[in-house]
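Visitor: Sequence plus the predicted model coming up.
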Amino acid sequence: MEESGRVYRKGNWSLHETMILIEAKKVDYSRRTQRTLKESGGGGGAGSSRPQEMRWKWVEDCCWKQGCHRSQNQCNDRWDNLMRDYKKVRSYEASSSSSHDPASPSYWKLERHERKERNLPANLLPEIYEALSEVVQMRAAMAEKPQGGGGGGGGTPLVAPSIDSEDSQRSISASPETKRKRGRTGEESSSHRHLGGVGSAISKCASIIADALQEGEEKEGMRHKDLLGIEQRKAKLEETKSQVAAQSMDGLATAVNKLATSILGLVTARVQKLQK
């Protein structure tokens with residue numbers, strides 16, 4: 001449902017819009033966790049969870065202020081697709097890095113058709129993946145954050161609302177040492193992926209831009225040829241019309257001359273007959 005006065009943008013999401021959505025979700029998780037902490041500390045958790053629609057309405061408003069004019073339903077659908085793609089790539093990267101199999105190179109080294117063959121997202125960009133990784137890590141850290149306020153629950157982990165169940169369960173069940181190792185491994189893996197993927201991403205982006213420019217030039221050339229053809233056909237048509245008009249006038253003049261000659265002949269014959 002569109003809010004009165006808002007006209008939402010349609011079509012594919014741009015990179016800029018996607019990054020605004022990710023940042024909005026990051027802020028949303030933070031504010032909801034802080035609110036839950038306060039309510040838990042005060043002994044009342046009745047208002048800790050709000051309807052899903054209200055949460056996405058907040059995300060829509062946040063995105064709207066940053067120039068991303070998408071509806072809450074669009075934001076929700078886009079986020080679900082992003083997280084689905086992220087989990088696929090994250091799972092593949094974990095399997096690829098642990099197997100050390102040359103036949104399973106990093107996702108960032110795969111060509112588009114190779115990604116599709118492995119049932120992976122065809123065009124997940126490194127900057128989007130890194131931004132989503134930050135959100136997931138932030139959610140995990142918030143889930144481990146101890147509750148505020150009095151009582152004996154100081155060491156109990158708090159699971160923020162709507163946190164991805166897979167990520168939260170891993171965070172809660174893992175030991176502190178495992179979490180530290182995972183954090184270091186994640187940072188190293190993230191850095192490696194970034195360094196290994198940036199060059200490929202830049203090269204692919206340059207290739208895409210070059211192809212788009214070439215395609216645009218070809219289309220422009222075709223449009224120019226079409227316009228020239230139209231102008232030539234119009235000129236021929238005008239020339240044909242002029243020729244037809246001239247021929248018609250010539251024919252009419254000839255007919256009039258013949259008629260005048262015939263009338264003159266009849267008159268002359270009549271006069272001569274009368275004179276006799």
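Guide: Perfect, I can see it now.

Visitor: buried ones in stretch 80-99?
Guide: For stretch 80-99, burial by neighbour count (16 or more other C-beta atoms under 10 Å) applies to 82, 83, 85, 86, 88, 89, 90, 92, 93, 96. Backbone N, C-alpha and C define where each C-beta goes, glycine included.

Visitor: actually stretch 61-70, not the one I typed
Guide: 62, 63, 64, 68, 70.

Visitor: Between all of those, which two are separated the most?
Guide: Taking C-beta to C-beta as the measure, these span a maximum distance of 11.0 Å, between 62 and 70.

Visitor: Could you list which of the buried residues of stretch 80-99 belong to helices?
Guide: 82, 83, 85, 86, 88, 89, 90, 92, 93, 96 (DSSP state H).

Visitor: could you dump these to a markdown table with distance to residue 232 and pLDDT?
Guide: Output for these, formatted as a markdown table (distance: C-beta to C-beta, whole Å; pLDDT from 0 to 100):
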| residue | distance to residue 232 | pLDDT |
| --- | --- | --- |
| 82 | 51 | 97 |
| 83 | 56 | 97 |
| 85 | 51 | 97 |
| 86 | 55 | 97 |
| 88 | 54 | 96 |
| 89 | 54 | 96 |
| 90 | 59 | 96 |
| 92 | 57 | 93 |
| 93 | 58 | 92 |
| 96 | 59 | 86 |
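
Visitor: pLDDT below threshold where in the stretch 151-276 of the chain?
Guide: For the stretch 151-276 of the chain, the stretches flagged by pLDDT under 70 are 151-224.

Visitor: Try it again at 80.
Guide: Applying pLDDT under 80 to the stretch 151-276 of the chain flags residues 151-229, 231-232, 235, 275-276.

Visitor: same deal with the stretch 1-150 of the chain?
Guide: Ranges of the stretch 1-150 of the chain meeting pLDDT under 80: 1-4, 37, 39-53, 99-103, 142-150.

Visitor: Just the helices from it, written as ranges.
Guide: 15-41, 52-65, 72-99, 112-117, 126-144 (DSSP state H, counting those that start in this stretch).

Visitor: so what secondary structure elements neighbour the longest one?
Guide: Same thing as helix 72-99. Packing contacts for helix 72-99, counted by 3 or more C-beta pairs under 8 Å, 6 or more residues apart in numbering; DSSP states H and E, involve helix 15-41, helix 52-65, helix 126-144, helix 176-275.

Visitor: Which secondary structure elements does the second one sit against?
Guide: The contact analysis (3+ C-beta pairs under 8 Å, 6+ apart) places helix 52-65 against helix 15-41, helix 72-99.

Visitor: would CSV of those with distance to residue 235 be doable?
Guide: Converted to CSV, the helices and strands packed on helix 52-65 look like this (distance: least, C-beta to C-beta, whole Å):
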stretch, distance to residue 235
helix 15-41, 47
helix 72-99, 50
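
Visitor: Of all the ones you listed, which one is nearest residue 51?
Guide: helix 72-99 (11.5 Å).

Visitor: Tell me what angle that closest one forms with helix 15-41.
Guide: 90 degrees (axes from the mean of the first three to the mean of the last three C-alpha atoms, to 10 degrees).

Visitor: and the angle for helix 72-99 with helix 126-144?
Guide: Using the same axes, to 10 degrees: helix 72-99 against helix 126-144 is 90 degrees.

Visitor: gap between residue 6 and residue 233?
Guide: Remark: distance between residue 6 and residue 233 (C-beta to C-beta, to the nearest Å) = 46 Å.
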